[in-house]
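Student: predicted model, plus sequence, below.
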Amino acid sequence: MANSVEIKHLDLNFGAVNVLKDLNLEIAEGEFLVLLGSSGCGKSTLLNCIAGLLEVSDGQIFIKGNNVTWAEPSDRGIGMVFQSYALYPQMTVRGNLSFGLKNAKFPKAEIEKRIAEAADILQIQPLLDRKPAALSGGQRQRVAIGRALVRDVDVFLFDEPLSNLDAKLRADLRVELKRLHNQLENTMIYVTHDQVEAMTLADRIAIMKGGKIMQLGSPDEIYNRPENIYVADFIGSPSMNFFDGEVVGNHFKGGDLDLPLDGYTFGPGGAVDGKAVIGIRPEHIITGELVAGAPVKLEVPVELVEPMGSDTLVYGTLNGQALRIRMDGQARVSLGDSLPIGIDPSRASLFDKASELRL
Amino acid sequence: MAVTDTGRMDVGAKRPSRLFKNMTAKIAAIPMIATALVVFIGCTAWTIYHSFTRSRLLPAPDKWTGLQNYDRLWSENRWLVSIENLAIFGSCSLVLSLVIGFILAALLDRKIRFENTIRTIILYPFALSFVVTGLVWQWLLNPDLGLQNVVRSWGWETFTFDPLNNADIVIYGILIAGIWQGSGFVMVLMLAGMRGIDEDVWKASRVEGIPTWKTYIFIVIPMMRPVFVTALVIISAGIIKVYDLVVAQTSGGPGIASEVPAKYVIDKMFGSQNLGLGFAASTMMLLSVLVVLIPWAYLEFGGKKER
């Protein structure tokens, strides 16, 4: 598959601060890539570099094979959707959609045709003559997407487009975005700090920290095989349980934990004895009747119970540390109970203590 | 619970009188309300009334003369010159300070270096009183000391720029000083307005390939409407009451060429001890303000309910 966007050795400095460091990224044609990270990780900065709104310090950016490192944003074949919508408030929706085209001297009939098409795809025909102030947040965001749509761009850039919406609307628009991507088959690059958005929308996720990509992979890889402790900790809510210990001859030993690693799939490095950290997701801790069949069985005291309807979060103690367990919503657990749990090492993640990389 | 119960829990309770709601706030507002009533409305009415009397040094409410003061006012050449000057000074200074202020703000808004320093320098004239501004520009425009002399000393012997001594263009000499003083303030207002515009709007217009000047004209200026209204009101108030600048720069000269209405009022009231005529002139000034203000207020606030 041809690469739609290619980023080679990208550096960006603000004064003496390195915001992006030697960043490489290849995005395939029609791919939905999500840049995920906490605030200040450089994800929006990277997006602005791709858009051409920030001048890069070093490196190159290619879009559809053209080197656009120094091209104006409007010449790059990109459309951008912003968190604050950035609609022009004094113009109607139609005005917002047509302003860029009029400026590019498109014939009137062509503008009308494109607006009609975009309005049809986004279902905003009834709103065309309203002003942005008379629209709801979700409608405004749809108009903002429409503004990119009418320009018939190769790459869509989304800068936290759903962050200003309430939870219900966000979920709805997320589904619509996914449908839109399936329909248009454009390359889309999407910045967010919301891991649910990332997991649900992305073909691939790039998790960023300190201007570097910590892991680039499919949502499944990111979730099941995080490459380092940062990614393992970042993805998942509630986050992964980590326990310090040691790998000694195909066993992980640490406090009350003694896990045989027969079922664990090691990385290319294989099993190396030494200090290690094991990460177990709260939802991968086996409870209830299934404990009987689990490779490792333990009992933990229950410290706190958070019923959430669909599931119940139970806080126990293991090795003197809090242990988060996600149980079925129907589970009845009380404070002070001794809860039998099971651990399946094949679903855990093992990291080297010093390098924090996956073993 | 009885079936007839309406479900209201406050059946026995009485709704407190609206008059006594927020008592502290109401008490605190009384002095300002009184000031507004007595000073703005009361004194205005008093002034208008006395403009129909033959008051000289002291108000004489019993000597009613009807429109005599107004007849005299409109037959006096000095008043007509004053009105004409105000019209020229007002329209030019309104347009120019808005345009210059906006352009300066737009230039400063382009993320330039030393922005703070430049902003302070441009705003600095605003910190001076009109009297100081007037004197400074009187010197700068003085043919023997100022601009004309400097240019002639560079070798351009026939250069003439002497507005303050030329009755035809003296008002433009005052205009220069007024704009020099006022445009910095307009710039700061505009700059504050521009800073309030979402940076994403700029980004969006760049991504769409809209040139900067077009973004300013079609997107930024419409978004800054409230700032423009504020600037307009402040500049207009300054124009109507312009007095000290003229006194310091030209004292209304040469002859009566740079007279303005506010100066006419002060001169009549305290110089010629003719309160009635002075009041008639100030009533005319009030009237001219209202002619502008009422249609504007009607457009701005009156149509709101329909929108």
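Tutor: Perfect, thanks for sending it. Owing to the predicted nature of the structure, the values given are computational and were not obtained by experimental measurement.

Student: show me where the stretch 151-300 of chain A has its strands.
Tutor: A:155-159, A:187-192, A:204-209, A:212-217, A:241-248, A:251-254, A:257-260, A:274-280, A:285-286, A:296-307 (DSSP state E, counting those that start in this stretch).

Student: what comes up buried for the longest one?
Tutor: By neighbour count, and taking 16 or more other C-beta atoms under 10 Å in any protein chain shown as the criterion, the buried residues in strand A:296-307 are A:296, A:298, A:300, A:302, A:305. (C-beta placed from N, C-alpha, C; glycine too.)

Student: do the same with stretch A:260-267
Tutor: Using 16+ other C-beta under 10 Å as the test for burial, stretch A:260-267 gives A:261, A:264.

Student: point me to the residue of chain A nearest chain B.
Tutor: Residue of chain A nearest chain B, by C-beta to the nearest C-beta: residue A:74 (2.6 Å).

Student: contact partners for that residue?
Tutor: For residue A:74, the contacting residues are B:206-210, by C-beta atoms under 8 Å, 6 or more residues apart in numbering or on different chains.

Student: need the helices for the stretch 151-300 of chain B, in chain order.
Tutor: Ranges of helices within the stretch 151-300 of chain B are B:170-195, B:199-207, B:212-214, B:221-223, B:225-240, B:244-249, B:261-266, B:275-301, based on DSSP state H, counting those that start in this stretch.

Student: mind putting those into CSV with mean pLDDT?
Tutor: Converted to CSV, those look like this (pLDDT from 0 to 100):
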stretch, mean pLDDT
helix B:170-195, 90
helix B:199-207, 91
helix B:212-214, 91
helix B:221-223, 91
helix B:225-240, 87
helix B:244-249, 88
helix B:261-266, 89
helix B:275-301, 85
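
Student: what's the distance between stretch B:147-167 and the middle of its chain?
Tutor: 32 Å (C-alpha atoms, centre = their mean, to the nearest Å).

Student: columns distance to residue B:177 and mean pLDDT on top of the strands of the stretch 151-300 of chain A, output as JSON lines?
Tutor: Output for these, formatted as JSON lines (distance: least, C-beta to C-beta, whole Å; pLDDT from 0 to 100):
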{"stretch": "strand A:155-159", "distance to residue B:177": "48", "mean pLDDT": "93"}
{"stretch": "strand A:187-192", "distance to residue B:177": "52", "mean pLDDT": "94"}
{"stretch": "strand A:204-209", "distance to residue B:177": "57", "mean pLDDT": "94"}
{"stretch": "strand A:212-217", "distance to residue B:177": "59", "mean pLDDT": "92"}
{"stretch": "strand A:241-248", "distance to residue B:177": "73", "mean pLDDT": "91"}
{"stretch": "strand A:251-254", "distance to residue B:177": "82", "mean pLDDT": "88"}
{"stretch": "strand A:257-260", "distance to residue B:177": "84", "mean pLDDT": "88"}
{"stretch": "strand A:274-280", "distance to residue B:177": "74", "mean pLDDT": "91"}
{"stretch": "strand A:285-286", "distance to residue B:177": "80", "mean pLDDT": "92"}
{"stretch": "strand A:296-307", "distance to residue B:177": "72", "mean pLDDT": "90"}
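
Student: need those strands in CSV with distance to residue B:194, can you?
Tutor: Output for the strands of the stretch 151-300 of chain A, formatted as CSV (distance: least, C-beta to C-beta, whole Å):
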stretch, distance to residue B:194
strand A:155-159, 22
strand A:187-192, 26
strand A:204-209, 32
strand A:212-217, 35
strand A:241-248, 49
strand A:251-254, 59
strand A:257-260, 60
strand A:274-280, 49
strand A:285-286, 55
strand A:296-307, 48
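
Student: low-confidence ranges, chain A, go.
Tutor: Applying pLDDT under 70 to chain A flags the ranges A:1.

Student: can you list the residues of it near chain B?
Tutor: Residues of chain A that fall close to chain B, judged by C-beta under 8 Å from any C-beta of the partner chain: A:48, A:51-53, A:72-75, A:78-80, A:82-90, A:99-100, A:103-104, A:144, A:147, A:151, A:159.

Student: just the ones of those in strands?
Tutor: Mapping those onto strands (DSSP state E) picks out A:78-80, A:159.

Student: now the buried members of the residues you listed.
Tutor: Buried members of these, scored by 16+ other C-beta under 10 Å, are A:78-80, A:159.

Student: which one of the contacts of residue A:74 has the most neighbours?
Tutor: Of all the contacts of residue A:74, residue B:207 has the most neighbours under the rule other C-beta atoms under 10 Å in any protein chain shown, reaching 27 neighbours.

Student: now do the residue of chain A closest to chain B against residue B:110, distance only.
Tutor: Distance of residue A:74 to residue B:110, given as C-beta to C-beta, to the nearest Å: 19 Å.
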